[in-house]
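Asks: Predicted model follows, preceded by the sequence.
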Amino acid sequence: MGIKINGCSVSPRELDILHILWAAGTPLLASEIMESNDELRLATVHTTLTRMLKKNLIAVADFVRSGNVFGRRYTPLVSRQEFEAQNPVG
């Protein structure tokens with residue numbers, strides 16, 4: 001059946017990013033998400049974040065200066081507890 005949150009199917013990569021955001025406990029830039037997992041590449045993170053925004057799994061928390069540009073920081077819209085309640089183990 002797969003993993004669902006609020007009726008939306010969640011891919012393994014989306015779940016990886018949610019776990020990173022939950023563990024951080026604070027909004028993160030795409031580059032910070034990428035640095036949290038050696039298997040992630042920035043292009044993959046950006047593509048996945050775009051899909052997650054459309055599914056209302058995450059939101060843009062704010063904009064911060066990152067070098068010469070402004071970057072978006074992302075925060076989850078579903079808590080780990082809500083996820084676990086919707087996807088019981090066993």
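Replies: Yes, it's here.
Asks: Using PDB, write down the CA coordinates of stretch 60-70.
Replies: C-alpha atoms of stretch 60-70 as PDB (Å, rounded to 0.1, in the frame of the first residue of the first chain):
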ATOM      1  CA  VAL A  60       8.700  27.800   3.100                       C
ATOM      2  CA  ALA A  61       9.400  29.100   6.600                       C
ATOM      3  CA  ASP A  62      11.400  32.200   5.600                       C
ATOM      4  CA  PHE A  63      14.100  33.500   3.300                       C
ATOM      5  CA  VAL A  64      17.700  34.000   4.400                       C
ATOM      6  CA  ARG A  65      20.700  35.300   2.700                       C
ATOM      7  CA  SER A  66      22.900  32.500   1.600                       C
ATOM      8  CA  GLY A  67      26.100  33.900   0.000                       C
ATOM      9  CA  ASN A  68      25.100  36.300  -2.800                       C
ATOM     10  CA  VAL A  69      21.500  35.100  -3.000                       C
ATOM     11  CA  PHE A  70      18.500  34.500  -0.800                       C
END
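Asks: Mind listing the residues bridging to S66?
Replies: Using DSSP bridges, the beta-bridge partners of S66 come out as V69.
Asks: From L28, how far off is it?
Replies: When distances are taken as Cβ to Cβ, to the nearest Å, S66 and L28 turn out to be 11 Å apart. For the C-beta atoms, the positions are set from N, CA and C on the backbone; glycine is no exception.
Asks: Looking at these two, which is more packed in?
Replies: L28 (24 against 14; other Cβ atoms under 10 Å).
Asks: So L21 lies in a strand, does it not?
Replies: No. With DSSP: H, G, I helix; E, B strand; the rest coil as the criterion, L21 is helix rather than part of a strand.
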